[in-house]
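Peer 1: Quick one: sequence plus predicted model below, questions after.
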Amino acid sequence: MSKLKYRFNAETLSYELLHINQGKRVKRFFSLFALTFVLSVGCFVGYSRYFDTPKVLSIRRDNAMLVLQLELLKKRITEADKVLYQLQQRDNNIYRPTFGLDNIPSSIRDAGFGGIDRYAHLEKSIYSNILVDCSRNLDKLLRKVYIQSVSFDTVAKNATIIEQMVDCVPAIQPLAHVKPRINSPFGSRTDPMFGDRRPHEGIDLGGHVGEVVFATGNGRVITVERSFARTGYGNMVLVDHGFGYKTRYAHLHVITVKKGDMVKRGQQVGTLGNTGKSTGPHLHYEVLMRDKPVDPLNFFTNNIESEDFSSIMHLDDVVNTEKEFD
């Protein structure tokens, strides 16, 4: 049974039964409910503002763990880049030069990616800085790895033809002398005609007019010049050996090859002479590696036996024309 409520009547000095209709009861209920709801929401908002809920705490822990993992990933990318840099240095300084390949410049190895909006979708995150850094560094690393992989493929391809390369490298001296007779070495020297200091991009090998001049490695004749003017190289032959090597034979008296001929090591290309800017009979001999002159003495084989040397030069099969010009 519901409790009865009474109200004191001051006029009659008696308690009278209080009658409350159903509409007032419903209105009072909803008023109380609304007040309770507002108070609950206010308490929740106030608590959430100053204290983290269990769910928020869990999200914060997960975010902190993700940031830590991103930092570790960034560090590992940096370490991998250092290891790759060492491989790049070996590739440029050891592997590629060994097989006559040009170095890969850093402008190609370290080239970035175009487009300013490549990482725009990451910049909306509160962790955009580390996300963009990781993504950019990873992209650069993958590109460097790809370029290095292509380079190793090229080196491996050249390694399969190493035997051919050994025959092409200019490894002997171009005259039939057991020991080279060097009139003028490689490097800076006093010009014998003009008297000033000038670079000498080859070596001058002394000899007699008519001595046979040999190709120092297998290759193809790419230039033949004939000139008896007292300037320049005079009669000259340039041989491309491949693998980045070329040799030049200058001041020749007679040229016995023509442009496009394939020559082998020890094959005659001409005879020693005194043409061009020359002060006496000699052979001006150059070795070019990737079109840059290098000291030919670095390529001479010094420990070869005289019998082996004669065999390589095919001296028994070559007609020495020295007597013709005595």
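Peer 2: Nice, thanks for sending it over. None of the values given here were measured: they were computed from a predicted structure.
Peer 1: Report how many residues lie close to residue 222.
Peer 2: A count of nearby residues for residue 222, using other CB atoms under 10 Å, gives 13. For every residue, glycine as well, the C-beta is placed using N, CA and C.
Peer 1: per-residue confidence at it?
Peer 2: Residue 222 carries a pLDDT value of 97.
Peer 1: For it, pull up the helix or strand it's in.
Peer 2: According to DSSP states H and E, residue 222 maps onto strand 219-225.
Peer 1: and stretch 213-223, how far from the chain's centre?
Peer 2: Remark: stretch 213-223 is offset 32 Å from the chain centroid, using CA atoms, centre = their mean, to the nearest Å.
Peer 1: got the buried residues for the lengthiest helix in the chain?
Peer 2: As assigned by DSSP state H, the longest helix anywhere in the chain is helix 54-90. Along helix 54-90, these residues count as buried under the neighbour rule (16 or more other CB atoms under 10 Å): 74, 77, 84, 88.
Peer 1: from those, which two are the most distant?
Peer 2: 74 and 88 (20.7 Å; CB to CB).
Peer 1: Provide a complete list of residue ranges assigned to strands in the stretch 1-150 of the chain.
Peer 2: Secondary structure of the stretch 1-150 of the chain (DSSP state E, counting those that start in this stretch): strands at 6-9, 14-17.
Peer 1: Of all the ones you listed, which one comes closest to residue 62?
Peer 2: Of all these, it is strand 6-9 that lies closest to residue 62, at 61.2 Å by CB to CB.
Peer 1: hang on, the earlier thing: closest to residue 144 among the buried residues of helix 54-90?
Peer 2: Nearest to residue 144 among the buried residues of helix 54-90, counting by CB to CB, is residue 84 at 5.6 Å.
Peer 1: ok, the closest one - contacts?
Peer 2: Contacts were defined as CB atoms under 8 Å, 6 or more residues apart in numbering; by that measure residue 84 touches 141, 144-145, 148.
Peer 1: Which of those are buried? Put it as a PyMOL command.
Peer 2: Selecting only the buried entries of these in PyMOL, with 16+ other CB under 10 Å as the criterion:
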select buried, resi 144+148
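Peer 1: Adding pLDDT, write the contacts of residue 84 out as a markdown table.
Peer 2: Shown next, in a markdown table, are those (pLDDT from 0 to 100):
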| residue | pLDDT |
| --- | --- |
| 141 | 89 |
| 144 | 90 |
| 145 | 91 |
| 148 | 92 |
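Peer 1: which two of the contacts of residue 84 lie the greatest distance from each other?
Peer 2: Greatest spatial distance in the contacts of residue 84: 141 and 148, 10.4 Å, computed using CB to CB.
Peer 1: Compare the strands of the stretch 1-150 of the chain and give me the one nearest residue 132.
Peer 2: Closest to residue 132 of the strands of the stretch 1-150 of the chain, according to CB to CB: strand 6-9, at 74.7 Å.
Peer 1: Give the buried residues for the closest one.
Peer 2: Counting neighbours, the buried set in strand 6-9 is empty (16+ other CB under 10 Å).
Peer 1: Could you check how far the nearest residue to residue 293 once chain neighbours are set aside is from residue 295?
Peer 2: Of all residues not flanking residue 293 in the chain, residue 201 sits nearest, at 3.8 Å (CB to CB, 6 or more residues apart in numbering). Going from residue 201 to residue 295 by CB to CB, to the nearest Å gives 10 Å.
Peer 1: so what's in contact with these two at the same time?
Peer 2: Common neighbours of residue 201 and residue 295 (criterion: CB under 8 Å, 6+ apart): residue 186.
Peer 1: ok so, going back, and the contacts of residue 84, which of them are in helices?
Peer 2: Among the contacts of residue 84, the members falling in helices (DSSP H) are 141, 144-145, 148.
Peer 1: Would you tell me what the next helix or strand after the strand holding residue 222 is?
Peer 2: Note on strand 219-225: by DSSP H and E, the next helix or strand toward the C-terminus is strand 235-242.
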